[in-house]
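**Q** My questions concern the predicted model and sequence given below.
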Amino acid sequence: MLKQEINELLTQTGPGTPMGALFRQYWIPALLAEELPENDCPPVRVKLLSERLIAFRDTEGRYGLIDEFCAHRGVSLWFGRNEESGLRCSYHGWKYDVTGQCVEIPSEPDERQSSMCAKIKLTGYPLVKIGDVLWTYMGDPRATPDLPQWEFAHVPAQQTYTSKRWQECNWLQALEGGIDSSHVSWLHSGGLNSDPLFRGARGNAYNLADRKVFFEVVESDGGLLIGARRNAEEGHYYWRITPWVMPSFTMIPPRGDHPIHGHFWIPIDDENCWTYSYDYHPVRSLSAAERQAMKDGHGVHCEYVPGTYRPLQNKDNDYMMDREAQKRGDTFSGVKGISMQDASLQESMGPIVDRAKERLVSTDSGIIMARRKLWRAVEALRDEGVRPPGVDVAHQMVRSAAMVLPKDQSFVDGCGDALRVRPGEKHASV
Amino acid sequence: MQRQPTLLSSCARAATAAEAGYRISVPEFTRRSSRVIALDEQAAAVVRRMAGQRWGGGHFLVFESAVPDDALLRLAAGGTALLSEELDGADAVVMVATASANAEAASIIGNACAARGIMSAGLVVPAPGPVGEVVTALRPNAMVLVVLRDAADIPEVLSALRV
């Protein structure tokens, strides 16, 4: 359980909130690069941390993320014209560059243009393409951190794939689903043998043979390492290690030679978030079949309502619940697909779950520790200006791992360097 | 796939955000009965400090010694009790240990919990010395092990578990 005031502290991320200030310390995913596919393409509305913004790519290929509304009469610039190195409001023709600087006010005399424009600048945030993602930093420009170094965004394009989906609940309950490894043996049990991005791994047999999971939670510089162990061969445990890096990055332990996958949860506002889902292989290209499976919504990805990033299975259609499949055991919950199995249950908790009413058990220790670390970091930032864990790019150089280790060996010692990025080396997997 | 029709009156969409967040405000459970047991003297100091705070009914204890088929515990509030007595009616046990914890204590408590089907957890708190050995000792005896960097987190962890 969590006191109501702490629940509010951790779940509210708008401007002026302590948790919002924490999120504004990081480079975060703002949108997928595919959403701005070419110079002068249509602008995209982006709501992040409760701020309404507009993203565009100008004539020179520069990316911008600026206040959605024109400084003149408050019109949405989504209706604007992206042309000649700027975004022009379609109401009276005011024009802005990628930094939000006003560069043209057609109604003003030519001789007054520059002095008038100089005084008008919309809020603007940097927008940088790394991998398949456009990243932004919404904090104090004087404290801009180094660009993100997540491995999935830095491997060659043919080795990585990222999707995103709208999730209709607060970011924290979505993140907590990513930290809670104990649900995998239940909710996702059907997918281990059928999903093309999971099946066939030797580790799956350990998962299915031993549903009583034991956990070890170890603090790391960037967040937590959550180890889940099951029985393996005599004298050995099968370990699955999930790193969580603050504020909202997780990486799921791999299975066999399948690509590694994971998530970022980014607040849209306090009742919605974007779930970014990545898949990558550190040393080889994704096969055509793997990439197609990801596009088809397998693994951690999903199918969409055409033309949107809203999952095809959503709360309007009860996630296409299939009670017959549930009864047959094809799926545990009746909902198809790993990602929507998670999202359906997390959204069912309500937009912001009341954590004062929950009844946690000791297997929820990863969640308890993550909340505690977030809370501690929020207070340290607010009260003493301490830069939170996860901003330092060294904290981002992590990998998940799946290994079989002797029973008397700790997973931290046993996995060793396998929990760090080793460029050109394969991930540790079973 | 044959599905029942999704009706406005029955699907999740029918709820506003406020309605979706509403929960019946009646306690759905009785008080949890937890035992927090220190396995060594440094951990005992931590447990004694915590015992002075307000809790939901948890007992705070220190492992004293093994006795035949049982163990002797010291209550933080004073007095002694047998492990078997304390486990009667307990539904969770949290072992608190530092690097100097004794492996026998973890084993006795872990086995007693396993025999009674009681959930056992281990908290390794920061103290001088490497924690590798105590983690190894606790691993077979605790369903969950948390290695902490800051002892200030312990009350929060116990509070979250409604000790």
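**A** Here it is on my side, so go on. Residues are numbered from 1 along each chain as shown, chains lettered A, B, ... in the order given.

**Q** Contacts made by the strand ranked longest in chain B with the rest, please.
**A** The strand that spans the most residues within chain B, counting by DSSP state E, is strand B:59-67. Among residues not part of strand B:59-67, those counted as contacts by C-beta atoms under 8 Å, 6 or more residues apart in numbering or on different chains are B:34-40, B:43-44, B:47-48, B:50-51, B:71-77, B:80-82, B:86, B:90, B:102, B:104-105, B:108-109. C-betas here are computed from N, CA, C, even on glycine.

**Q** Also stretch A:276-283?
**A** Residues external to stretch A:276-283 that are found in contact with it (C-beta under 8 Å, 6+ apart): A:29, A:132-133, A:151-153, A:155, A:159-165, A:197, A:259-266, A:286, A:290, A:294, A:299-301, A:339, A:399, A:421-427.

**Q** hmm, try it at 6 Å
**A** For stretch A:276-283, the external contacting residues (C-beta atoms under 6 Å, 6 or more residues apart in numbering or on different chains) are A:29, A:152, A:155, A:159-164, A:259, A:261, A:263-264, A:294, A:300-301, A:426-427.

**Q** returning to that earlier point: so which of the contacts of strand B:59-67 sit within helices?
**A** If you go by DSSP state H, those have B:43-44, B:47-48, B:50-51, B:86, B:104-105, B:108-109 in helices.

**Q** who's in contact with A:Leu419?
**A** With the criterion set at C-beta under 6 Å, 6+ apart, A:Leu419 makes contact with A:399, A:401.

**Q** Backbone torsions only: list them for it.
**A** Summarising the backbone geometry of A:Leu419 under the convention degrees, to the nearest 10, its torsions are phi -90, psi 10.

**Q** what sits opposite the spatially most central residue of chain B in the beta ladder?
**A** Most central in chain B under C-alpha atoms, centre = their mean is B:Val94, positioned 3.3 Å from the mean C-alpha point. Per DSSP bridges, residues listed as beta-bridge partners of B:Val94: B:Val36, B:Ala121.

**Q** you'd agree it is up against B:Ile37?
**A** No. Taking C-beta atoms under 6 Å as the definition, B:Val94 is not a contact partner of B:Ile37, at 7.2 Å.

**Q** helix, strand or coil for B:Ala137?
**A** Using DSSP: H, G, I helix; E, B strand; the rest coil, the structure places B:Ala137 in helix.

**Q** so it sits right up against B:Ala103, yeah?
**A** Yes. Between B:Ala137 and B:Ala103 there is a contact under C-beta under 6 Å: 3.6 Å.

**Q** Please say which of those two ends up with more neighbours.
**A** A direct count of neighbours by other C-beta atoms under 10 Å in any protein chain shown for B:Ala137 and B:Ala103 places B:Ala137 higher, at 23 against 16.

**Q** Provide a list of residues in contact with the more buried one.
**A** Contact partners of B:Ala137, counting by C-beta under 6 Å, 6+ apart, are B:103, B:106.

**Q** Pull up the gap between it and A:His183, please.
**A** From B:Ala137 over to A:His183 the distance is 29 Å, taken as C-beta to C-beta, to the nearest Å.

**Q** and if you look at A:Ile260?
**A** Counting by C-beta to C-beta - A:Ile260 and A:His183 are separated by 19 Å.

**Q** Compare neighbour counts for the two and give me the winner.
**A** Neighbours were tallied for A:Ile260 and for A:His183 using other C-beta under 10 Å; the higher tally belongs to A:Ile260 (22 against 16).

**Q** quick one: that one and A:Pro254 touch, right?
**A** Yes. A:Ile260 is within contact range of A:Pro254, at 4.6 Å (criterion: C-beta under 6 Å).

**Q** Find residues that contact each of those two.
**A** Where contact means C-beta under 6 Å, 6+ apart, the residues bridging A:Ile260 and A:Pro254 through contact with each are A:His427.

**Q** give me the number of residues near the nearest residue to A:Arg382 once chain neighbours are set aside?
**A** Nearest residue to A:Arg382 in three dimensions, chain neighbours excluded: A:Pro18, at 4.9 Å (C-beta to C-beta, 6 or more residues apart in numbering or on different chains). Each residue near A:Pro18 was counted by other C-beta under 10 Å, and the total is 18.

**Q** Surely A:Gly390 touches A:Met246?
**A** Yes. Between A:Gly390 and A:Met246 there is a contact at 3.6 Å, judged by C-beta under 6 Å.

**Q** tally of neighbours for A:Asp210?
**A** Under the neighbour criterion other C-beta under 10 Å, A:Asp210 is assigned a count of 16.

**Q** now do the one 4 residues further on
**A** Counted with other C-beta under 10 Å, residues neighbouring A:Phe214 total 20.

**Q** pLDDT score assigned to it?
**A** Model confidence at A:Phe214, expressed as pLDDT, equals 89.

**Q** Show me what it bridges to in the sheet.
**A** Using DSSP bridges, the bridge partners assigned to A:Phe214 are A:Arg229.

**Q** Let me see the contact set for the closest residue to B:Ala142 other than its chain neighbours.
**A** Closest residue to B:Ala142 apart from its sequence neighbours, by C-beta to C-beta, 6+ apart: B:Gly122 at 3.6 Å. Applying C-beta under 6 Å, 6+ apart, one finds that B:Gly122 lies in contact with B:95, B:138, B:142, B:145.

**Q** residue contacts, the first one?
**A** Residues touching B:Met95, when contacts are defined by C-beta under 6 Å, 6+ apart, comprise B:37, B:39, B:109, B:122.

**Q** Hmm, the second one is touching B:Ala101, no?
**A** The one in question is B:Leu39. Yes. With contact taken as C-beta under 6 Å, B:Leu39 and B:Ala101 are classed as touching, separated by 4.0 Å.

**Q** Please identify the buried residues of the helix or strand bottoming out on mean pLDDT in chain B?
**A** Of all helical and strand segments in chain B, the minimum by mean pLDDT, DSSP states H and E falls on helix B:17-21, at a mean of 73. Using 16 or more other C-beta atoms under 10 Å in any protein chain shown as the burial criterion, the residues of helix B:17-21 that qualify are B:20-21.

**Q** what does stretch A:45-63 give?
**A** For stretch A:45-63, using 16+ other C-beta under 10 Å, the buried residues are A:46, A:48-51, A:53-58, A:63.

**Q** Nearest to chain B among those residues?
**A** Taking C-beta to the nearest C-beta as the measure, chain B sits nearest to A:Ser50 out of these, at 14.3 Å.

**Q** what's the closest non-adjacent residue to the closest one?
**A** In space, A:Ser50 comes closest to A:Gly14 once its chain neighbours are excluded; the distance is 3.5 Å by C-beta to C-beta, 6+ apart.

**Q** that older thread, among the buried residues of stretch A:45-63, which ones are in strands?
**A** Among the buried residues of stretch A:45-63, the members that lie in strands (by DSSP E) are A:46, A:48, A:51, A:53-57, A:63.

**Q** Tell me which two of those sit farthest apart.
**A** Longest distance between any two of these is 19.6 Å, between A:Glu51 and A:Arg57; criterion C-beta to C-beta.

**Q** Report the buried members of the ones in helices among the contacts of strand B:59-67.
**A** Among those, the ones that count as buried by 16+ other C-beta under 10 Å are B:43-44, B:47, B:50-51, B:86, B:105, B:108-109.

**Q** List the contacts of stretch A:395-409.
**A** The list of residues contacting stretch A:395-409 from outside it, by C-beta under 6 Å, 6+ apart, reads A:149-150, A:203, A:221-222, A:232, A:235-243, A:245, A:251, A:253-254, A:389, A:414-415, A:418-421, A:427-430, B:136.

**Q** May I see the ChimeraX selection of the buried members of those?
**A** Here is the ChimeraX command that selects the buried residues among the contacts of stretch A:395-409 (16+ other C-beta under 10 Å):
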select /A:149,150,203,222,232,236,237,238,239,240,241,242,243,245,251,253,254,389,414,415,418,419,421,427,428,429,430 /B:136
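
**Q** can you pull out the strands in the stretch 151-300 of chain A?
**A** The residue ranges that make up the strands of the stretch 151-300 of chain A, judged by DSSP state E, counting those that start in this stretch, are A:160-167, A:214-219, A:223-231, A:236-245, A:249-252, A:260-269, A:272-280.
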